[in-house]
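K.L.:
I'd like to go over a predicted model; first the sequence, then the structure.
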Amino acid sequence: MESKKLKKKSFVKNTVLISVLVVSIIVIGISLSFAYFTMSIQGSSDTGNNQAAILNVTTTLTTADAINATSLAIIDGSEYLTKAESIEFTVTNNTDSNVNALYTINMTDITISKNMLSQYFKWALVINSDTGNAITGSFQDLSLADEGNTDTSTVTIGSKVLIADENARSLSIGATDTITLYLWLENDNNVDQLYLTNGTFSGKLSLNATPVK
């Protein structure tokens, strides 16, 4: 028992050697015109009242500095706002749009070592500094994960949904959301977490926007 406590203490003093790269990639253009129409039909089928929707959504994700850390410290979950690795960007529905926008965010092209498919490898999205409604999750994959596995060979998983279609964020014309993505390894004093060392991870952020009335 004493030996295990000593190992845990030694681990907490050091950072976990994990290579992290979240590349800022945007999949929508600077200005998008969609084949989308609002129809006003009052007693006739006159489609002359159709109005093409113009959606101009921009984001600083295209220029934000990527997370590129060679190590992640293990931290208590309550500390992630101040100690986790993070990237901040904005999403704006510009004033020359004539429709509202709905957007979702995914993490794509994920390559991760098997030991990092863990409930302790965490992420969070905080929108407009609203920490009370942070969107959180982990990189545990129930189909692949074997918690405690020390295997550092990598696997590729297609994507991870951060903001799902059913929870898409709405942006009115002229509105901006400021979003921060946090990544961290979470401490558990009751678990020997040495298996999390020497892991690797990489991924890309993807934002998708669509017009709505």
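P.N.:
Everything's here; your move.

K.L.:
Please settle this for me: is Lys160 part of a strand?
P.N.:
Yes. Under DSSP: H, G, I helix; E, B strand; the rest coil, Lys160 sits within a strand.

K.L.:
isn't it right next to Asp109, touching?
P.N.:
No. Between Lys160 and Asp109 there is no contact, the gap being 10.5 Å when judged by C-beta atoms under 8 Å. From N, CA and C alone the C-beta is placed, and that goes for glycine too.

K.L.:
Tell me the bridge partners for Leu125.
P.N.:
Under DSSP bridges, the beta-bridge partners of Leu125 are Ile135, Leu181.

K.L.:
Just want the most central residue of the chain.
P.N.:
Leu162 (4.9 Å; C-alpha atoms, centre = their mean).

K.L.:
didn't that one look like it was pressed against Thr108?
P.N.:
No. The pair Leu162 / Thr108 is not scored as a contact, 10.4 Å apart, by C-beta under 8 Å.

K.L.:
returning to what we had before: how close does the residue nearest to the centre of the chain sit to Ile67?
P.N.:
For Leu162, the distance to Ile67 equals 14 Å [C-beta to C-beta, to the nearest Å].

K.L.:
Dump stretch 149-165 to CSV, restricted to CA.
P.N.:
In CSV, the C-alpha atoms belonging to stretch 149-165 read as follows (Å, rounded to 0.1, in the frame of the first residue of the first chain):
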residue,chain,number,x,y,z
ASN,A,149,-3.9,-0.3,-20.8
THR,A,150,-0.2,0.7,-21.1
ASP,A,151,-0.2,0.1,-24.9
THR,A,152,1.1,3.4,-26.6
SER,A,153,0.4,2.2,-30.2
THR,A,154,-2.0,4.5,-32.0
VAL,A,155,-5.5,4.1,-33.4
THR,A,156,-7.5,6.4,-35.6
ILE,A,157,-11.0,7.3,-34.8
GLY,A,158,-13.0,9.3,-37.3
SER,A,159,-14.5,12.1,-35.2
LYS,A,160,-15.8,13.2,-31.8
VAL,A,161,-18.9,15.3,-31.6
LEU,A,162,-18.4,18.4,-29.3
ILE,A,163,-21.6,20.2,-30.2
ALA,A,164,-24.2,17.8,-31.7
ASP,A,165,-26.8,18.6,-34.4
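
K.L.:
Which positions in that stretch come out as buried?
P.N.:
157, 160, 162-163 (16 or more other C-beta atoms under 10 Å).

K.L.:
which other residues reach that stretch?
P.N.:
For stretch 149-165, contacts defined as C-beta atoms under 8 Å, 6 or more residues apart in numbering pick out 103-115, 117, 123, 125, 135, 137, 139, 141, 144, 169, 181, 195, 198-200, 203, 206.

K.L.:
what about burial for the residues you listed, which qualify?
P.N.:
Neighbour counting with 16+ other C-beta under 10 Å marks 103-107, 110, 112-115, 117, 123, 125, 135, 139, 169, 181, 195, 199-200, 203, 206 as buried within the contacts of stretch 149-165.

K.L.:
Would you mind listing where this protein has pLDDT under the threshold?
P.N.:
Counting by pLDDT under 70, the chain has low-confidence residues at 1-52, 142, 145.

K.L.:
all helices of it, in order?
P.N.:
Ranges of helices in the chain, per DSSP state H, are 2-13, 80-83.

K.L.:
So which bits of the shortest one are buried?
P.N.:
By neighbour count, and taking 16+ other C-beta under 10 Å as the criterion, the buried residues in helix 80-83 are Tyr80.
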